[in-house]
Every structure is written in structure tokens, then in C-alpha cells.
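1. how does the following fold in three dimensions:
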Amino acid sequence: MQKLRSELAKIRQIKEPLKQKLWALAVLTKALEKDSLKPILIGGCALEYYTMGGYTTGDVDIALPTISKVEDAFTELGFEREGRYWVHKEYDLLFEAPTANLAGEEAELTEVMIGGLHCFVIGVEDLIIDRLNSYVHWKWEDDGRWVKRLIELHGKDLDMKYIRNKAGKEGTLAAFEKLLK
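-> Predicted coordinates for the structure are as follows:
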């Protein structure tokens with residue numbers, strides 16, 4: 001684990017905040033590989049990744065179970081538990097694992113390579129569905145704008161059949177079609 005703490009320390013050489021977050025996630029991913037656990041970037045930081053920094057957030061939301069192996073990995077990397085967050089004060093990192101898994105998410109994950117390590121990001125289609133649900137069910141207008149932006153940025157590569165099918169199941173298809181126009 002000392003080797004991974006040294007890997008995490010390389011974050012000091014990274015200037016861009018998003019790359020710092022991805023680096024820290026990649027180190028955590030490496031720490032958990034031996035236990036066959038795969039943290040997956042979700043939420044605002046995933047949106048930051050897919051919008052190439054157009055959206056920014058301070059924390060790193062990941063899908064990962066709250067079990068002793070995960071807690072041990074965070075602790076061994078120098079993070080401290082503060083409520084629902086894992087905080088690394090030296091590197092100004094804030095991780096939250098709001099969900100244990102990605103139940104219902106079937107789109108392919110995006111594997112990101114950074115400095116010889118890798119980490120995983122929720123598929124852009126499932127991120128669109130996530131933001132679409134916030135837009136429709138919680139009336140978060142900003143998320144409607146982010147759905148449009150994700151479509152603008154990734155439209156030609158999106159699995160529209162998957163999105164429409166999932167939006168139909170979640171009662172958000174009409175809103176999706178409206179945002180497409």
C-alpha cells in the first residue's frame with residue numbers, strides 16, 4: 001500500500017482539478033483491484049468529465065459498496081472518514097460513495113487511462129438518464145440543460161435506442177424527445 005500512497009502523492013504534479021480527481025480515483029481503483037472491487041465515477045464529476053470541464057464540482061461521487069475492504073483502502077491511502085465523505089486534507093480531495101452499485105445501468109462504462117493507471121466512468125448514456133431523471137422528477141432545470149449539452153457533445157456516438165428505451169421505462173421519454181429538439 002505504501003507504493004500506492006506514493007502514486008497518490010504524484011497528484012501534486014497535476015495542475016488540472018479534473019485530472020487530479022481522476023488520478024486519485026485511478027489509485028483507489030488500483031488499491032481495490034485485488035478485492036475485485038471497481039469504483040465507478042458517477043454524478044457531477046462524471047458530468048465534469050463528459051463535458052470536458054464545462055461543469056465543475058468539488059467532490060468525487062463513486063458507486064462503491066461501504067464495506068471494510070473499501071474503508072481500509074481509503075484509510076491506507078490517507079483519507080479520513082467525515083460522515084458520508086472520505087477526505088484527504090493534504091490533497092484537498094473529497095470522495096462520496098452515495099450508492100453501492102449501479103443497479104439498472106447497463107450502458108458500457110468508459111475506461112479512462114491516466115499515467116499508466118485506469119479508472120471507470122459511468123456510461124454517458126446512463127449519465128444522460130440520470131440527469132434526465134433529475135430534470136423531470138426533481139424539476140432541476142439545469143439538468144435539462146446538461147442533457148442537451150451532453151447530446152451536443154456526444155450525439156453521434158450515443159446509443160439513442162438505449163436512451164429512448166430506458167427513458168421510456170423511467171417515464172422520461174417525452175422530456176427527452178423535447179430536449180432533443
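
2. first-to-last residue distance for stretch 87-97?
-> 12 Å (Cα to Cα, to the nearest Å).

3. err, stretch 161-181, not the other one
-> 16 Å.

4. give the buried residues for it.
-> 162, 163, 166, 167, 170, 172, 173, 175, 176, 179 (16 or more other Cβ atoms under 10 Å). Glycine gets a C-beta too; all of them are placed from N, C-alpha and C.

5. what's the longest strand in this structure?
-> If you go by DSSP state E, the chain has its longest strand at strand 93-99.

6. quick one on the thing from earlier: just put the buried residues of stretch 161-181 in a markdown table and tack on distance to residue 140, pLDDT and secondary structure.
-> Output for the buried residues of stretch 161-181, formatted as a markdown table (distance: Cβ to Cβ, whole Å; pLDDT from 0 to 100; DSSP: H, G, I helix; E, B strand; the rest coil):
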| residue | distance to residue 140 | pLDDT | secondary structure |
| --- | --- | --- | --- |
| 162 | 22 | 96 | helix |
| 163 | 18 | 97 | helix |
| 166 | 19 | 96 | helix |
| 167 | 16 | 97 | helix |
| 170 | 15 | 95 | coil |
| 172 | 13 | 98 | coil |
| 173 | 18 | 98 | helix |
| 175 | 12 | 98 | helix |
| 176 | 15 | 98 | helix |
| 179 | 13 | 96 | helix |
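
7. follow-up on the earlier one: rounded mean pLDDT for the longest strand of the chain, please.
-> For strand 93-99, mean pLDDT rounds to 88.

8. what strands line up against whichever helix or strand comes after that strand, and which way round?
-> Using DSSP states H and E, the next helix or strand after strand 93-99 towards the C-terminus is strand 110-114. If you go by DSSP bridges, strand 110-114 pairs up with strand 117-121 (antiparallel).

9. give me the helices and strands touching the helix or strand that the partner strand is followed by, please.
-> Of the helices and strands lying after strand 117-121 in sequence (DSSP H and E), the nearest is helix 124-137. Helix 124-137 sits against helix 43-50, helix 141-154, helix 160-169, helix 173-180, with contacts defined as 3 or more Cβ pairs under 8 Å, 6 or more residues apart in numbering; DSSP states H and E.

10. just to revisit the earlier point, and the angle from the longest strand of the chain to helix 43-50?
-> Interaxial angle, strand 93-99 versus helix 43-50 (axes from the mean of the first three to the mean of the last three Cα atoms, to 10 degrees): 110 degrees.
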